[in-house]
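S.K.: I'd like to go over a predicted model; first the sequence, then the structure.
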Amino acid sequence: MASISFRSSFAAHSEGSEALVILISLYLDKPPAGAQGEQNDRPGELLMKTILVVDDDEAIRTLLQEELSDEGYRVIIAGNARDALKKVEEEALDLVILDIRMPGMDGLEALPRILGLKEDLPVILNSAYTQYRESFMSWAADAYVVKSSDLTELKAKVKDLIAK
């Protein structure tokens, strides 16, 4: 029987608009089926791949956090691009899922800044707007996924990019 321990920390920061950062870590003696990670030097502990989800919509952040956590990833969430840039500097990330239309700095402005901090960090642009797919500003992203209630395409892109 696998034992599970859960550690959660919460921090909130606001610069005039809603901002939420949640850090969740899950440690397992035995990784769940399909878990994305590798064993470290402590027997039974899984090093989970870490994804930063950046979206100003709390419902989308929560949905992606739950769905990606269920897939076996460690998920960090930021409610705006400025908080995301701080997380990119502070955290060892494996992938970023970045919304485009956000108050303040938008995703297309944040994308080159993220890549300036960590040039090999894969970024998926996740937007409800298809017109940005053709914008040269989005070409630096590793993938572009149109938001949908069906997360199959997004999960497949995440899995593919993290596997590289």
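M.R.: In hand now; what should we look at? Residues are numbered from 1 along each chain as shown.

S.K.: do you know how far the residue nearest the centre of the chain is from Ile77?
M.R.: Centrality entry for the chain: nearest residue to the mean C-alpha point is Leu52, 2.6 Å, by CA atoms, centre = their mean. Applying CB to CB, to the nearest Å, the value for Leu52 to Ile77 is 8 Å. Using the backbone N, CA and C atoms, a C-beta is placed for each residue, glycine as well.

S.K.: again, but for Arg61
M.R.: Distance from Arg61 to Ile77, by CB to CB: 5 Å.

S.K.: where do the strands of this protein begin and end?
M.R.: Assigned by DSSP state E, the strands in the chain fall at 4-11, 21-28, 37-39, 46-48, 50-54, 74-78, 95-98, 123-127, 143-146.

S.K.: nearest residue to Gly107 other than its sequence neighbours?
M.R.: With sequence-adjacent residues excluded and distances taken as CB to CB, 6 or more residues apart in numbering, Gly107 is closest to Ile100, at 3.9 Å.

S.K.: let me know whether Glu91 touches Arg74 as I believe.
M.R.: No - using CB atoms under 8 Å, Glu91 is not in contact with Arg74, being 9.4 Å away.

S.K.: overlap in contacts, those two.
M.R.: Thr50 (CB atoms under 8 Å, 6 or more residues apart in numbering).

S.K.: more neighbours, those two?
M.R.: Arg74 (24 against 14; other CB atoms under 10 Å).
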